[in-house]
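Q: pasting the sequence and the predicted coordinates here, then a few questions.
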Amino acid sequence: MLLFRRALVIVFTVAITGGYYARAEKASDKYTKKANVLPDSEIYDPDFRNIQRPFRMAKLNLVWTKAQQRLTEPKLKSIYTELKLHDKEEITYKQLKEKDKDGLKEAQLRDKLVRIMSTYGLLEHFDDTQDPEKYKHHKANGGGVGKDAYRNKSLFKDKKLNKLWDKAEGAGFTKEELDALREEFDHHQTKIDVYYNLLEQLGDTDNQPDDGAHQNAINDDEHDRYNEIDRAEEPEPQGINKQHAHLHKSNQLRDKHREIRDNFDRLERIAAQGPKSQDFVEPKVQGLWRVALASEFSADELASLKVELLHYESRLLKLRHMHAEHALSLEKHKQTDAKADTHKMMEDNIKKQTRKVEKIQEEVERRIFKHSEL
């Protein structure tokens, strides 16, 4: 009997402790990464265009419908984030509308929405912009050439120049602007031709391409080879005149090289100033880059700033993606609260990422606008 009681106590104790540790393990798993990942059966990868009426304001849902019809998915994610923030501002204003006696806040919100729609090429769908006086101040520079206009992959002998021309063609310049830019590119190719003629006169043609096409013509390695006269070279028996001629041509070569690099940098800046320049994919970052190009930054400062903007853009795109994932998950589970905890976690992560993006944006804008004001 005594043995039976002891056995019963042991079994009861094991059952209690086992249940405790099972509950403790389950509770601790609540905060692990595993607990916050959707199981395979719930993985959801729908078309982002299928999200219907994600905003509380009807007019923003109208904008969203137009965006779904016209924008690519990356741009849909971008405009979704901006409209989501604008939606919150509109709701807040709606609650405090009676305090806006002079209508200033309402006008600010209208202008902000106009800017958003203008950025994404949707301005014609905004009823309040039918007044031409308002429309012309916000309309994007849409005039341009057709997709295949001037399309010629071998338009210039220099590969680098051809790549830059391809960028310029897609940058949204008007036909007149593109014609003028074409002349600039032709002049630059002429400079490159003169450079290679000088190079041939120096007797170093072994590394030139047989078909006459220049391979990324002007580069630093080539410049270093001809930056100075080879001092180990023995004087020619014909005398000092030939050595002087060689020195003169070498100096010409160095000067032409510097001139070509400077001019290419100038052309690169011009090409990046087109209204549809794709140096950056995020419209907000493209705008900041155009302001920077219009300011008096040095080439080194611009290179450094471009790295900062690329970092900012990557963070911004990550935020866009997080907003999109949150919206898709809400769409799937809108009929149930099964994922309420997961959605709360996603919202917290979005807030953290938003603070990081805003901090980077403030620093980049401070640097750009401070310089542009000088």
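A: Cool, the structure landed. Residues are numbered from 1 along each chain as shown.
Q: which parts of the strand or helix carrying residue 196 are buried?
A: Using DSSP states H and E, residue 196 sits in helix 175-201. Residues of helix 175-201 classed as buried: 177-178, 181-182, 185, 188-189, 191-192, 195-196, 198-199 (neighbour count, 16 or more other CB atoms under 10 Å). The way it works is simple: take the backbone N, C-alpha and C, and place the C-beta from them, glycine included.
Q: in terms of secondary structure, what does that helix contact?
A: Helix 175-201 makes packing contacts with helix 159-169, helix 240-272 when contacts are defined by 3 or more CB pairs under 8 Å, 6 or more residues apart in numbering; DSSP states H and E.
Q: I'd like the mean pLDDT over that helix, please.
A: The average pLDDT within helix 175-201 is 88.
Q: now the angle between helix 240-272 and it, please.
A: Inter-element angle recorded for helix 175-201 and helix 240-272: 160 degrees (by axes from the mean of the first three to the mean of the last three CA atoms, to 10 degrees).
Q: shaky segments in the protein?
A: 1-48, 125-154, 203-240, 277-278, 281, 338, 372-374 (pLDDT under 70).
Q: shouldn't residue 181 be in contact with residue 171?
A: No - using CB atoms under 8 Å, residue 181 makes no contact with residue 171, being 9.3 Å away.
Q: shared neighbours of those two, anything?
A: Taking CB atoms under 8 Å, 6 or more residues apart in numbering as the criterion, residue 181 and residue 171 both touch residue 271.
Q: which helix or strand contains residue 113?
A: Per DSSP H and E, residue 113 falls inside helix 104-119.
Q: same for that helix, what does it pack against?
A: Helix 104-119 packs on helix 73-95, helix 132-138, helix 283-294, going by 3+ CB pairs under 8 Å, 6+ apart.
Q: neighbours of residue 286, how many?
A: 20 (other CB atoms under 10 Å).
Q: residue contacts, the residue nearest to it when sequence neighbours are not counted?
A: With sequence-adjacent residues excluded and distances taken as CB to CB, 6 or more residues apart in numbering, residue 286 is closest to residue 280, at 4.8 Å. By CB under 8 Å, 6+ apart, the contact list for residue 280 reads 286, 289, 309, 310, 313.
Q: so residue 280 sits in a helix?
A: No - counting by DSSP: H, G, I helix; E, B strand; the rest coil, residue 280 falls outside a helix, being coil.
Q: next one: it from residue 289, what distance?
A: Going from residue 280 to residue 289 by CB to CB, to the nearest Å gives 6 Å.
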